[in-house]
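Q: Take this sequence and fold it.
(one chain, ligands or ions: 1)
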Amino acid sequence: MVDKLTVYHETYLAVDQVSFSLEEGTDMAIIGPNGAGKSTLIQSILGILHRQNGDVFILGQPLSRSGYLPNYVRREIAYLPQNFMFDRRIPITVQELVGLGWDKLGLQLPWVGSRSRYQAIRQALIKVDAWNLRHHLIGGLSGGEMKRVLLAYCVVRPRRLLILDEALAGLDVQGELDFYQLLYQLKKEEGWAILQISHDLDQVKKHCDRVLCLNRMVLSEGTPETILSPENISIAYGSQLRLIHTNNYHINNQITG
Ligand SMILES: Nc1ncnc2c1ncn2[C@@H]1O[C@H](COP(=O)(O)OP(=O)(O)OP(=O)(O)O)[C@@H](O)[C@H]1O
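A: Have a look, this model is predicted:
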């Protein structure tokens with residue numbers, strides 16, 4: 001639950017008194033034009049960015065002003081950022097990377113639970129159709145393959161909240177379909193709550209339960225049918241919007257990006 005969250009980048013007000021809540025077993029999309037504050041919002045919910053005002057509760061626990069959450073709450077959250085910045089030359093294989101998502105925070109004995117760890121890595125890589133990549137070094141993966149592997153890292157352990165920042169960018173058509181299928185399974189069969197930033201309004205309309213339309217502040221929030229009406233979209237996106245045909249919305253940065 002997020003209550004009147006306000007975040008500045010130095011003196012720039014990026015997120016202004018945003019409130020919403022996300023139910024277990026549901027999927028909410030955050031939409032809005034470039035620079036609307038979407039990434040800022042989720043990074044402050046995760047405690048990565050400092051907030052100036054407002055309250056954030058994750059699984060009932062308050063996020064402190066310094067970004068602290070108890071470990072038992074933090075390990076229930078998976079986050080896939082827009083840009084995963086790291087040195088691709090690190091000599092680590094796909095299955096080693098996914099295994100890091102399985103490991104609990106803190107000290108542990110490496111030989112304890114190694115069989116279930118292997119099984120979990122295997123299942124996660126199968127779920128994202130990347131088992132064949134398990135021995136590959138991450139430095140050699142394509143952008144789309146890397147996305148799949150990072151998603152496997154997120155889902156290798158059962159969790160309760162998945163936060164995705166434009167996670168589908170770079171996936172091919174089949175990858176997108178598989179991805180939404182996996183999200184559906186996670187929320188329906190395992191009760192995950194999913195919060196995702198997306199610019200693909202057609203996919204949001206098809207797959208998400210709720211939509212939060214943001215432009216620094218909340219412009220509207222509700223079901224995709226109400227929030228994604230042409231009138232609402234044109235208010236939110238203004239000149240960034242091109243209506244290709246009645247049911248398909250394309251945002252300029254997606255066409256040109
Ligand atoms: N570190 C920073 N310092 C100063 N301003 C920033 C910083 N990060 C973001 N901003 C500004 O804050 C505003 C919100 O940025 P943010 O990345 O949250 O938007 P967004 O909705 O995720 O955009 P996009 O759809 O383009 O990814 C933008 O105007 C951006 O220029």
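Q: Quick one: residues contacting G222.
A: 210-211 (C-beta atoms under 8 Å, 6 or more residues apart in numbering). The C-beta positions use only the backbone N, C-alpha and C, and glycine is treated the same way.
Q: What's the separation between it and the ligand?
A: 19 Å (C-beta to the nearest ligand atom, to the nearest Å).
Q: Ramachandran coordinates for that residue?
A: With angles defined as degrees, to the nearest 10, G222 sits at phi 170, psi -160.
Q: Could I get the phi/psi values of the most centrally placed residue in the chain?
A: Closest residue to the average C-alpha location of the chain: L164 at 0.8 Å, with C-alpha atoms, centre = their mean. Dihedral angles phi and psi of L164 (degrees, to the nearest 10) take the values phi -120, psi 130.
Q: Now it: closest residue in space, sequence neighbours ignored.
A: Nearest non-adjacent residue to L164, counting by C-beta to C-beta, 6 or more residues apart in numbering: Q196, 4.0 Å away.
Q: Give me every residue in the protein lying close to the ligand.
A: Residues of the chain that fall close to the ligand, judged by C-beta under 6 Å from any ligand atom: 9-10, 12, 14, 32, 34-40.
Q: Separate out the buried members of these.
A: Among the residues of the chain next to the ligand, those scoring as buried are 14, 32, 36-40 (criterion: 16 or more other C-beta atoms under 10 Å).
Q: can you list those in JSON lines and add pLDDT and secondary structure?
A: Formatted as JSON lines, those follow (pLDDT from 0 to 100; DSSP: H, G, I helix; E, B strand; the rest coil):
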{"residue": "A14", "pLDDT": "97", "secondary structure": "strand"}
{"residue": "G32", "pLDDT": "93", "secondary structure": "coil"}
{"residue": "A36", "pLDDT": "95", "secondary structure": "coil"}
{"residue": "G37", "pLDDT": "96", "secondary structure": "coil"}
{"residue": "K38", "pLDDT": "96", "secondary structure": "helix"}
{"residue": "S39", "pLDDT": "95", "secondary structure": "helix"}
{"residue": "T40", "pLDDT": "96", "secondary structure": "helix"}
